[in-house]
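Student: Make a model of this:
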Amino acid sequence: MSIKENEKVENIQSSDPLGTDSVEAPKYSCALGGAYGTALGVYGLVPLLHAGLGCGMGQLLGQFYAGGHNAGGPVGGTSTPTTGLVEEHVIFGGEDKLRKLIEASTEVMEGNAFAVISGCIPALIGDDVEAVIREFEDEVPIININAPGFNGNSYEGYELFFEAVIDQILTSLPKEKGVVNILGVVPYQHIFWKGELAAIKKILGKIGLKANIIFTEFDGIEKLKELPAAEYTLVLSTWNGHRAAKKLEEKFGVPFITFPSVPTGPKQTSKFLRTVGEKLNVSDDVVEEVIKEEERRTYRFIEYSGDILLIARPHSYFAVVADSNSAINITNFMVNELGYLPDIIELTDNPPEEYRENIIKALTEDLEVASLPEIIFEPDSYEARENLRGRSFLFLFASSLELYSASELGAPDVGVPHITVAFPSYNRVILDNSYASYGGGLRLIEDFTSHFAGPL
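Tutor: Numbers count the residues shown, from 1 in each chain. A predicted model of the protein is given here:
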């Protein structure tokens, strides 16, 4: 190779910096993975993967295990039917194999409905998936979800799932007073999804509202069908679930309210309840009585941690490397409830540009602190780690990918506790735990103070 040719190659390489056109260990899966994980969150729905041979196993290892070492359940992981497309199907098409898969699966798999989730290969070769599904429309309910991985990440797959459900199986229903849909919490991708949804359902129930959380409910298909009956949809995210909520409003007249994230601790949860109560015309007396009771108990329990919070590492700097939802509620709780100082916040979920200004506002405008954190949108794990070097933080809230580098990051010559709060979570099993609602703040205190609590 000549010197000029070599210089040309170097120029090409330098114009493609890591993190722009290529990403090391992104903290999400592909669109197919997001749709697949969302489908598995609906009990009674059997996913059928019309995709490459390794797609299903890749999601088991790279998404479900990464989501707190969770299995895919009775119809997930190695139990999910798949067409397992290979080279010959790229040439001759995969429609016949899909047809045979549906025939066999509907005979041997138990479920109230099926979801054909199509990946990259069918999209590229032009399989007429809809035509194949129509052949079975009088035999079994099937949802057609076109989610090729190259369409986007897991969060995109979540939206594609709900858009398919809204367009294909929902019908208009009379509005049911006091019922609210919950959107914005992405199964597996948000590692505390099960506990978060349960906590939100419980606290809304205390003010007399019925939350349709869909996921983990044993009548999941029926809960999907009940989406049009809600008075409101509550979107617990600055950007996840917004498309689905807008589509529900346009098609079925269900208005929606947006919150920055799932609330953590007393201040966030009380604000959440007051906002929801006002929109749903819940009596102020009812809402305030619940808030009074919950805050009294929670703050009394926080007092038990008072010595360790004030003696060991009071008012220290912390860093967060997590998705937007997790970063917002953790940052606000650590600052506004416990008095810790935010150093740097790195957001790993790669949200669309149009949502980023609102995410920054959610992270800064209500912070009760003199110095605001540096905020970086960074899906690249290598770049995210590099951004942490030479900083002053004493706690790191991040994914398990940052665990083994935590000791060389942050304040020098000081042990920096690492707490896994975001995807991927390969070092923490998460079943029913979460940082949601009043009690969630207590669990967050337990998790991060346990790293340095003794001996005093």
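
Student: Okay, buried residues for stretch 108-126 please.
Tutor: Neighbour counts over stretch 108-126 (16 or more other Cβ atoms under 10 Å) mark 109, 111-123 as buried. (Glycine included, C-beta is placed from N, CA and C.)

Student: right, I mislabeled it, should have said stretch 210-225
Tutor: For stretch 210-225, the neighbour count (16+ other Cβ under 10 Å) marks Ala211, Asn212, Ile213, Ile214, Phe215, Thr216, Glu217, Gly220, Ile221, Lys223, Leu224, Lys225 as buried.

Student: just stretch 54-62 next, same as before
Tutor: Within stretch 54-62, the residues scored as buried using 16+ other Cβ under 10 Å are Cys55, Gly56, Gly58, Gln59, Leu60.

Student: how far out from the middle of the chain is that stretch?
Tutor: Its chain's average C-alpha position is 18 Å from that of stretch 54-62, according to Cα atoms, centre = their mean, to the nearest Å.

Student: Give me the contacts around it.
Tutor: Applying Cβ atoms under 8 Å, 6 or more residues apart in numbering, the external contacts of stretch 54-62 come out as 29, 32-33, 36-37, 49, 72, 76-78, 80, 82, 119, 149.

Student: ok, the buried residues of stretch 210-225 vs Phe301, which is closest?
Tutor: Phe301 lies nearest to Ala211 out of the buried residues of stretch 210-225, by Cβ to Cβ, at 24.4 Å.

Student: which non-adjacent residue is nearest Phe395?
Tutor: Nearest residue to Phe395, sequence neighbours excluded (Cβ to Cβ, 6 or more residues apart in numbering): Phe318, at 4.0 Å.

Student: what's the answer for Val42, then?
Tutor: That would be Gly220: by Cβ to Cβ, 6+ apart, it lies 3.9 Å from Val42.

Student: Next one: Gly253 from Ala230, what distance?
Tutor: Gly253 sits 10 Å away from Ala230 when distances are taken as Cβ to Cβ, to the nearest Å.

Student: So which of those two has more stuff around it?
Tutor: Taking other Cβ atoms under 10 Å, Gly253 and Ala230 do not tie; Ala230 has more neighbours (24 against 10).

Student: can I get the CA coordinates of the longest helix along the chain in PDB?
Tutor: In the chain, with assignment by DSSP state H, the single longest helix is helix 284-303. The C-alpha trace of helix 284-303 is given here as PDB (Å, rounded to 0.1, in the frame of the first residue of the first chain):
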ATOM      1  CA  ASP A 284     -58.100  16.200  47.400                       C
ATOM      2  CA  ASP A 285     -58.900  14.800  50.900                       C
ATOM      3  CA  VAL A 286     -58.400  11.200  49.700                       C
ATOM      4  CA  VAL A 287     -55.100  12.000  48.000                       C
ATOM      5  CA  GLU A 288     -53.700  14.100  50.900                       C
ATOM      6  CA  GLU A 289     -54.600  11.500  53.400                       C
ATOM      7  CA  VAL A 290     -52.700   8.800  51.500                       C
ATOM      8  CA  ILE A 291     -49.700  11.100  51.000                       C
ATOM      9  CA  LYS A 292     -49.700  12.000  54.700                       C
ATOM     10  CA  GLU A 293     -49.700   8.400  55.800                       C
ATOM     11  CA  GLU A 294     -47.100   7.300  53.200                       C
ATOM     12  CA  GLU A 295     -44.700  10.200  53.900                       C
ATOM     13  CA  ARG A 296     -44.900   9.800  57.600                       C
ATOM     14  CA  ARG A 297     -43.900   6.100  57.400                       C
ATOM     15  CA  THR A 298     -41.200   6.600  54.800                       C
ATOM     16  CA  TYR A 299     -39.500   9.500  56.500                       C
ATOM     17  CA  ARG A 300     -39.600   7.700  59.800                       C
ATOM     18  CA  PHE A 301     -37.800   4.800  58.200                       C
ATOM     19  CA  ILE A 302     -35.300   7.100  56.400                       C
ATOM     20  CA  GLU A 303     -34.400   8.300  59.900                       C
END
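
Student: ok, which stretches of the stretch 151-300 of the chain are helices?
Tutor: Assigned by DSSP state H, counting those that start in this stretch, the stretch 151-300 of the chain shows helices spanning 154-168, 193-206, 220-225, 242-252, 265-279, 284-303.

Student: got TSV for those, with mean pLDDT too?
Tutor: Listed next are the helices of the stretch 151-300 of the chain as TSV, based on pLDDT from 0 to 100:
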stretch	mean pLDDT
helix 154-168	98
helix 193-206	98
helix 220-225	97
helix 242-252	98
helix 265-279	98
helix 284-303	98
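
Student: between these, which gets nearest to Glu408?
Tutor: Nearest of the helices of the stretch 151-300 of the chain to Glu408, taken as Cβ to Cβ: helix 154-168 at 29.3 Å.

Student: which other helices and strands contact the closest one?
Tutor: When contacts are defined as 3 or more Cβ pairs under 8 Å, 6 or more residues apart in numbering; DSSP states H and E, helix 154-168 sits against helix 31-40, strand 142-146, helix 242-252.

Student: Nearest to Val335 among those would be which one?
Tutor: Each of these has some distance to Val335 by Cβ to Cβ; the shortest is helix 242-252, at 25.8 Å.
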